[in-house]
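**Q** pasting the sequence and the predicted coordinates here, then a few questions.
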Amino acid sequence: MKTRSGLPSAGGAYRVIIVLVALIALFIVFSMMDPLFYSSRNVENMLRSMAPIFLIGVGQSVVFVTGHIDLSIGSVMGMSCMASATMMSRGASPFLAAGLSLLLCLAVGVLNGELVSRVKMPSYVATLGTMLIFRGIAQIANGNYDTGFIGHGARGFRDLFFYGRFFGIYDIVLIAFAIWGAIMFVLVKTRTGRYMYAVGNNPEASVLSGINVISTVDKAYVFSAVCAGLAGLITAAESGYGSMNTGSLYELYAVAVAVIGGISTLGGRGMLAGTAVGAAIWCILQNGLIRVGAPLSLRNIAVGIIVVVMVAIDVSARRRRSGLG
C-alpha cells in the first residue's frame with residue numbers, strides 16, 4: 001500500500017514487522033541449537049561480516065524502488081577493491097586511493113543510470129553488460145593478477161574499514177548503518193525519495209507529473225555504486241590485498257537481502273528499514289547453518305527458498321490490489 005506522496009505506508013511497515021519476527025525466531029532457534037551462537041564474540045563477528053552484504057543490499061534496494069535492477073553491483077565492488085588495493089600496494093596514500101576508487105564508482109553509477117534512463121535499455125540487459133565490463137576493469141587493474149599486500153602504511157585504512165572500534169562497536173558497522181540511515185532519510189523525507197517511489201510505481205505518470213525520471217534513476221544507480229564501492233574497500237581492508245574475484249555473486253546476494261527485507265522487485269514499494277532486517281537474516285542463516293554443520297548446498301537452498309517465497313508474496317499482493325485475482 002502506498003500513500004499519495006508515493007511513500008510506503010502501513011503495508012510496508014507490516015512486512016518489516018513480519019521479517020523482524022522471522023529474524024527473532026531464527027536467532028532463538030540457532031541459539032537453542034548452539035549456545036555459543038548468541039555469545040558476544042559471535043554476534044560481533046556476524047555484525048562485522050554483515051557490513052558489506054548490508055551495504056550492497058541497501059544499494060540494490062534503492063534501485064529496486066525505482067523499478068530497475070543493478071546486476072553490476074558485485075563487479076563494482078570488485079573494481080573498487082582492486083583499484084584501491086592496487087594503488088595502495090604501489091605506495092599511494094590509502095585514503096587517497098579509497099577516495100579515487102569511490103569517485104570511479106560514482107562515475108560508473110552515472111553510466112548505469114544513463115544507459116537505463118536515457119538510452120532506455122532494459123536495466124537487466126544494461127547492467128549485465130556493465131557487470132562484465134567492470135569485472136574486466138577489476139581484472140586488468142593489476143595486470144590480471146591479485147595485488148600484493150597493501151602495505152603497513154595502510155594500517156589506519158584497515159582499522160577504519162575492518163579492525164577499528166568506536167565505543168566497542170566495529171567502525172564498519174557504524175559506517176554501514178550511517179550510510180543506511182542517510183539513504184533512508186533521503187527516501188522517506190526528501191523530494192528525491194518521493195520521486196524514486198513515484199517512478200518505480202508508475203514511470204509514465206511520473207513523466208506527466210513533471211518528474212525528471214532520468215535524474216531520479218541516475219541517483220538510484222549512483223547510490224548503488226557508491227555502496228558497492230564501500231563494500232569493496234571493506235573487503236580490501238579485511239584481506240590486506242586485492243582479489244580479482246571480490247564481489248563475485250554479490251549481485252545475487254544483494255537481490256536476496258533486498259527481497260528478504262520486503263523491497264518489491266517490481267518497483268515503488270518497500271521500506272529500507274526492512275533491508276537491515278534482511279541483511280541480518282542473511283547473516284544469521286549463514287552463520288547459524290555453518291555452526292550446526294550444514295553444507296553449503298543446504299545454505300544456498302535455504303536462502304533461495306526464502307527469496308522465492310518473498311517474491312511470490314509480493315507478486316500475489318500486487319495482483320490482489322490490482323484486482324487481477
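**A** Arrived safely. This is a predicted model, so every value here is computed, not measured. Numbering: from 1, shown residues only.
**Q** how about the nearest residue to the residue nearest in space to the middle of the chain, chain neighbours excluded?
**A** For the chain, the residue nearest the mean C-alpha position is Ile56 (1.7 Å; CA atoms, centre = their mean). What sits nearest to Ile56 in space, not counting adjacent residues and going by CB to CB, 6 or more residues apart in numbering, is Ala254, at 4.1 Å. C-beta coordinates here come from the backbone N, C-alpha and C atoms, glycine included.
**Q** what about the one you found, how many neighbours?
**A** Residue neighbour count, defined by other CB atoms under 10 Å, stands at 34 for Ala254.
**Q** do the one 4 residues further on as well
**A** When neighbours are defined as other CB under 10 Å, Ala258 has 31 of them.
**Q** circling back: from Val257, how far out is the residue nearest to the centre of the chain?
**A** Distance, Ile56 to Val257, using CB to CB, to the nearest Å: 7 Å.
**Q** tell me the buried residues in the helix or strand that contains Gly113?
**A** Here Gly113 sits within helix 94-117, counting by DSSP states H and E. Using 16 or more other CB atoms under 10 Å as the test for burial, helix 94-117 gives 94, 97-98, 100-102, 104-106, 108-109, 111-117.
**Q** if we can go back for a sec, thought the residue nearest to the centre of the chain was touching Thr246?
**A** No. Shown here, Ile56 and Thr246 do not form a contact pair, counting by CB atoms under 8 Å, at 11.7 Å.
**Q** next, the angle from the helix or strand hosting the residue nearest to the centre of the chain to helix 94-117.
**A** Ile56 is part of helix 40-65 when elements are defined by DSSP H and E. Calculated by axes from the mean of the first three to the mean of the last three CA atoms, to 10 degrees, helix 40-65 forms an angle of 30 degrees with helix 94-117.
**Q** in helix 40-65, which residues are buried?
**A** For helix 40-65, burial by neighbour count (16+ other CB under 10 Å) applies to 42, 46-65.
**Q** show me what that helix is packed against.
**A** With contacts taken as 3 or more CB pairs under 8 Å, 6 or more residues apart in numbering; DSSP states H and E, helix 40-65 sits against helix 73-89, strand 169-170, helix 171-189, helix 191-201, helix 213-239, helix 250-260, helix 272-291.
**Q** contact partners for the closest residue to Pro52 other than its chain neighbours?
**A** Leaving aside its sequence neighbours, Pro52 sits nearest to Ala231 (CB to CB, 6+ apart; 3.8 Å). Residues in contact with Ala231 (CB atoms under 8 Å, 6 or more residues apart in numbering) are 51-53, 55-56, 77, 80, 247, 250.
**Q** ok, Leu20 next?
**A** By CB under 8 Å, 6+ apart, the residues touching Leu20 are Val277.
**Q** can you dump the C-alpha atoms of whatever helix or strand it lives in in PDB for me?
**A** Assigned by DSSP H and E, Leu20 falls within helix 10-33. Extracted as PDB, the C-alpha positions of helix 10-33 are listed here (Å, rounded to 0.1, in the frame of the first residue of the first chain):
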ATOM      1  CA  ALA A  10       1.300   0.800   6.700                       C
ATOM      2  CA  GLY A  11       1.600  -2.100   4.300                       C
ATOM      3  CA  GLY A  12       5.300  -1.700   4.100                       C
ATOM      4  CA  ALA A  13       5.700  -1.400   7.800                       C
ATOM      5  CA  TYR A  14       3.600  -4.700   8.200                       C
ATOM      6  CA  ARG A  15       6.100  -6.600   6.000                       C
ATOM      7  CA  VAL A  16       9.000  -5.200   8.000                       C
ATOM      8  CA  ILE A  17       7.400  -6.500  11.200                       C
ATOM      9  CA  ILE A  18       6.900  -9.900   9.600                       C
ATOM     10  CA  VAL A  19      10.600 -10.200   8.700                       C
ATOM     11  CA  LEU A  20      11.600  -8.900  12.100                       C
ATOM     12  CA  VAL A  21       9.600 -11.600  13.800                       C
ATOM     13  CA  ALA A  22      11.300 -14.100  11.400                       C
ATOM     14  CA  LEU A  23      14.700 -12.700  12.400                       C
ATOM     15  CA  ILE A  24      14.000 -13.100  16.100                       C
ATOM     16  CA  ALA A  25      12.700 -16.700  15.600                       C
ATOM     17  CA  LEU A  26      15.800 -17.600  13.700                       C
ATOM     18  CA  PHE A  27      18.000 -16.200  16.400                       C
ATOM     19  CA  ILE A  28      16.200 -18.200  19.100                       C
ATOM     20  CA  VAL A  29      16.300 -21.400  17.100                       C
ATOM     21  CA  PHE A  30      20.100 -21.200  16.400                       C
ATOM     22  CA  SER A  31      20.700 -20.200  20.000                       C
ATOM     23  CA  MET A  32      19.000 -23.300  21.200                       C
ATOM     24  CA  MET A  33      21.000 -25.500  18.700                       C
END
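**Q** no further queries at this time; thank you.
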